[in-house]
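Novice: Have a look; sequence and predicted model below, questions after that.
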Amino acid sequence: MTRLLAAVAYASLGAIGALGSASQQQSPADSVLEARTAVIAAQLRCPVCQGLSIQDSPSELSQQMRAVVKDQLRAGKTPEDVKAFFVSKYGEWILLEPKAQGFNMLVYALPVLLVLLGLGVVIVSVRKWTKPTTPA
């Protein structure tokens, strides 16, 4: 009797393990969808967390937003369509990397201009310091 119970328990544990491993396997299409979702989610800002993408954020809202991204990709929308959907809901602020047009050009141009300005100040200062002094 105990052997029978042990065999039933062993068989049921094996069946549970087989069901668990079967549900964890992903088809190639699912893994491609996950990868595409991760790429787009990494480009969208989390509205709750400061400075994190919805891919990196642990918040519940980010998880919901990732699910929306995945659903839209599964429905056949392009990555640009998905980003446009979130821009229409939250504004261009939701993009971690804003488009380089209009006022946003300042975000890309200002660091370069500041480096050039600093380099110019350094060059002028070095020339002043190394300039030979003429006796009066």
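Specialist: Noted; the coordinates are in hand.

Novice: Pass me the low-pLDDT residue ranges in the chain, would you?
Specialist: 1-26, 29, 100, 104, 136 (pLDDT under 70).

Novice: From Glu34, how far off is Gly76?
Specialist: In this structure, Gly76 and Glu34 are 16 Å apart, going by CB to CB, to the nearest Å. Backbone N, C-alpha and C define where each C-beta goes, glycine included.

Novice: So which of these two has more stuff around it?
Specialist: Glu34 (14 against 7; other CB atoms under 10 Å).

Novice: Leaving out the residues flanking it, which one is nearest to the spatially most central residue of the chain?
Specialist: By CA atoms, centre = their mean, the chain has its centre lying nearest to Ala42, at 1.2 Å. Of all residues beyond its chain neighbours, the one nearest Ala42 is Gln55 (4.3 Å), with distances taken as CB to CB, 6 or more residues apart in numbering.

Novice: Could you give the number of residues near the one you found?
Specialist: Around Gln55 sit 19 other residues, with neighbours defined as other CB under 10 Å.

Novice: Is it located within a strand, as I assumed?
Specialist: No - counting by DSSP: H, G, I helix; E, B strand; the rest coil, Gln55 falls outside a strand, being coil.

Novice: Having no further points to raise, I will conclude here.
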